[in-house]
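S.K.: could you work out the structure for the sequence below:
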Amino acid sequence: MNRSELIARIAADTGLPKKKASDALRALLDAVEEAVARGECVTIAGFGTFRTHLRQPRKDCPRIGEPRKTAPKPRPVFRPGKVFLETVRGERDMTAGSGF
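M.R.: Numbering: from 1, shown residues only. I've put the predicted structure just below:
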């Protein structure tokens, strides 16, 4: 599913026009992105948690095999919630609602 398909699904499920569904999705993504960039955790109960993780510096370059120190870098991480995992694993009936 790509962005436009997701917007169409949101519009169909909520009865919103596609423009408003697109604006709502953009607002959600912007809020998550900005919070994670500030180092905050964003938790959506049942769905998962978005946060940053500081990747440890490497002492060698795996591509060329030579020693080269790299700086630690923050990277975004998503940890799925219980309901999301159960749905993906087929342990939860998808027709019964999201459970969020």
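S.K.: got the confidence number for Thr87?
M.R.: The score at Thr87 is 91. That number is its pLDDT.
S.K.: measure how far the helix ranked longest in the chain is from the centre of its chain, please.
M.R.: Scanning the chain for the helix with the most residues, using DSSP state H, yields helix 18-37. Centroid displacement of helix 18-37 relative to its chain, using CA atoms, centre = their mean, to the nearest Å, is 12 Å.
S.K.: what is whichever helix or strand comes after it packed up against?
M.R.: Of the helices and strands lying after helix 18-37 in sequence (DSSP states H and E), the nearest is strand 42-44. Contact analysis of strand 42-44 by 3 or more CB pairs under 8 Å, 6 or more residues apart in numbering; DSSP states H and E lists helix 18-37, strand 48-55 as its packing neighbours. (C-beta placed from N, C-alpha, C; glycine too.)
S.K.: can you say which of those is nearest to Asp93?
M.R.: Smallest distance to Asp93 across those (CB to CB): 19.6 Å, for strand 48-55.
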